[in-house]
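Undergrad: build me a model from this:
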Amino acid sequence: MKIAIVGAGIVGVTTAYELASDGHEVTVFEQRSAAAEEASFATAGLLGSHMLSPWALPGFGQALRLMGAHATLRLASGLGQDHLAWLWRWRRAARANSAPAPALEQLARYSQERLKAIASQHELDFESSDGRLVLLRSEQEQAALQPALQVLRDCGVAAREIDAATARHIEPGLSPDAPLACAIHLPDASAGNCRLFAQLLRQGTQGSGVQFAFNTRVERIGTSPLGIAVPGEPELRRFDAVVLCAGMASAALLPPLGLRLPMTAVYGYSVSAPLRESTHAPRASVVDMAQQISITRLGQRVRIAGGAELAGADADHHAPTLQRLYRTLNDWFPGGAQLSSGLQVWRGARTMLPDAAPVVGPSGVPGLWLNTGHGAGGWALACGSARAVADLIGQRSPEIGLEEFGIQRF
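TA: So this is what the prediction gives:
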């Protein structure tokens, strides 16, 4: 089949790879000049397990605080009615613990397995590491996480509750002065450089059944006939199928087709800093659950990621949020990273739906498929979602259940 993909983030690139592997002729349309230039650019880097990652899903011990110095979501000026409606639905899901947590965790595990198979097959070095610690400053935090831990165990995920001494043995760079009550050890979790993986995969697929049309904005998706409209071209570029992987751009392309998704962009930050002293830096990744901040070793750098705000795409960087990232790094790994120079500071969007689950599968419009809205889990869920969509297009049953991820839930 001749298939178009809209969006060359990590989800679009992995979807292109899987479809080309099945023998399809694929064209990827991307408005930026390279792959993984927007939401996939400088992510936290966390792969499965998914549930205990910052902003993974509403509820399950992850408190949503809107006010004060310790707010987990900052409400900026200029919020619209759509933002407030999304926030109301997110809070409702958090109170009811109604997010599809088991389905998301199973998808994350499947995705991690698929990613490792791709990386092994093509010998991709994407600065990966294994294992994760979730750091808890109090026994109250530990108690609040019990529902999430039960979901993980029900899904067969190894999640060990350990004391502070054991945690410091696993991550010896942790400051002995940091107030650490206990931790959750996820030995099978992993991390890696999302953008590097996407770039390597893009280079490998270029010309092997996949063509990338960069600097090409999709104006609309036609249905009769099925195709893509791009600026300056009077006719549609026709395809047998179209897969929408465009993050927030999906929200603009769907309404003319009679489809709507309650998406919003929740902006977060990351700081990538050169490694200063290896023995004082993380070996893999840690998550400060109270702060909703992750600290991850990526090769010769340390990446601190966190913060969440409802604001415009062009809003200025929020200095207090960035200071909180630096402070959290120095709390746990003082001296591990060089913060005086060579920093990469990034603000990017998490395209989120109110239940934190993506939409993966048919759109209801013949020939149009959806693989979008992965939120904070784009990197963690990409490879599994891509394989599942490719199976559906090829009229095969996916190896992972997608019932919780259909558009019909909205």
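
Undergrad: domain assignment for this protein?
TA: Taking automatic domain parsing as the criterion, the chain consists of the domains 2-40+196-261+356-409, 74-101+122-190+263-352.

Undergrad: quick one, which of these is nearest to Leu66?
TA: Minimum separation from Leu66 across those (Cβ to Cβ) falls at domain 74-101+122-190+263-352, 6.2 Å. C-beta here means a position set from N, CA and C on the backbone, and glycine is covered the same way.

Undergrad: quick check: the residue of the chain positioned farthest from its centre vs Phe60, distance?
TA: Going by Cα atoms, centre = their mean, the residue of the chain most distant from its centre is Pro234, 35.9 Å out. Separation of Pro234 from Phe60 (Cβ to Cβ, to the nearest Å): 51 Å.

Undergrad: one more: Gly378?
TA: Relative to Phe60, and taking Cβ to Cβ, Gly378 is found at 19 Å.

Undergrad: who's more crowded, the two?
TA: The neighbour comparison of Gly378 against Phe60 (other Cβ atoms under 10 Å) goes to Gly378, with 24 against 21.

Undergrad: mind checking which of the domains of the chain is nearest Gln112?
TA: That would be, of the domains of the chain and by Cβ to Cβ, domain 74-101+122-190+263-352, which comes in at 6.5 Å.

Undergrad: double-check that Gln211 belongs to a strand.
TA: Yes - when DSSP: H, G, I helix; E, B strand; the rest coil is applied, Gln211 is found to be in a strand.

Undergrad: 26 is where my numbering starts, stick with that
TA: Shifting the count to begin at 26 puts that one at Gln236.

Undergrad: what is the neighbour count of it?
TA: Using other Cβ under 10 Å, Gln236 has 15 other residues around it.

Undergrad: can you tell me the SS state at Ser136?
TA: helix.

Undergrad: let me see the confidence value for it.
TA: pLDDT, Ser136: 98.

Undergrad: repeat for Ala88
TA: Reported pLDDT for Ala88: 67.

Undergrad: do the one 5 residues further on as well
TA: Gly93 is assigned a pLDDT of 63 by the prediction.

Undergrad: which residues of this structure score low on pLDDT?
TA: 86-89, 92-95, 103 (pLDDT under 70).

Undergrad: helices of that one, start to end?
TA: 35-46, 106-121, 126-147, 164-169, 171-179, 189-195, 219-230, 274-278, 344-357, 403-418 (DSSP state H).

Undergrad: format these as CSV; extra columns: distance to Gly392.
TA: What follows is the helices of the chain, written out as CSV (distance: least, Cβ to Cβ, whole Å):
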stretch, distance to Gly392
helix 35-46, 14
helix 106-121, 28
helix 126-147, 24
helix 164-169, 45
helix 171-179, 36
helix 189-195, 49
helix 219-230, 22
helix 274-278, 14
helix 344-357, 42
helix 403-418, 10
